[in-house]
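**Q** Pasting the sequence and the predicted model now:
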Amino acid sequence: MLPRMRTISEAAAWLREADPDTAFTQTALRRLVVTGQLPCVRVGQKYLVNLDAVESFLSGRWEGSV
């Protein structure tokens, strides 16, 4: 199965769609990526994150690799 990779802004929009009342912002997601707490793939100037990794991180099931 292919990973569900999205840009940071697309991943933030996905979170807002899943939970409209979320306090988790695009800035918070970007900070996790830039500090290395959440894995990403860099394509040009964009960071791509795996939605499954974001979901695992937020649910507390994060083990550092997905």
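**A** Received the coordinates, thanks.

**Q** who's in contact with the residue positioned nearest the centre of the chain?
**A** With distances taken as Cα atoms, centre = their mean, Val54 lies nearest the centre of the chain, 4.1 Å away. With contact set as Cβ atoms under 8 Å, 6 or more residues apart in numbering, Val54 has these partners: Ala11, Leu15, Leu29, Leu38. Every residue, glycine included, has its C-beta placed from N, CA and C.

**Q** next one: Val43
**A** Here Val43 is in contact with no residue (Cβ under 8 Å, 6+ apart).

**Q** Can you tell me which of the contacts of Val54 has the most neighbours?
**A** Ala11 (26 neighbours; other Cβ atoms under 10 Å).

**Q** what residue ranges in the chain score low on pLDDT?
**A** The model of the chain has pLDDT under 70 over residues 62-66.

**Q** what do you get if the cut-off is 90, keeping everything else the same?
**A** Residue ranges of the chain with pLDDT under 90: 1-3, 22, 58-66.

**Q** can you map out the helices along it?
**A** Counting by DSSP state H, the chain has helices at residues 8-18, 26-34, 51-59.

**Q** can you put those helices in JSON lines and add distance to Gln45?
**A** Formatted as JSON lines, the helices of the chain follow (distance: least, Cβ to Cβ, whole Å):
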{"stretch": "helix 8-18", "distance to Gln45": "11"}
{"stretch": "helix 26-34", "distance to Gln45": "13"}
{"stretch": "helix 51-59", "distance to Gln45": "20"}
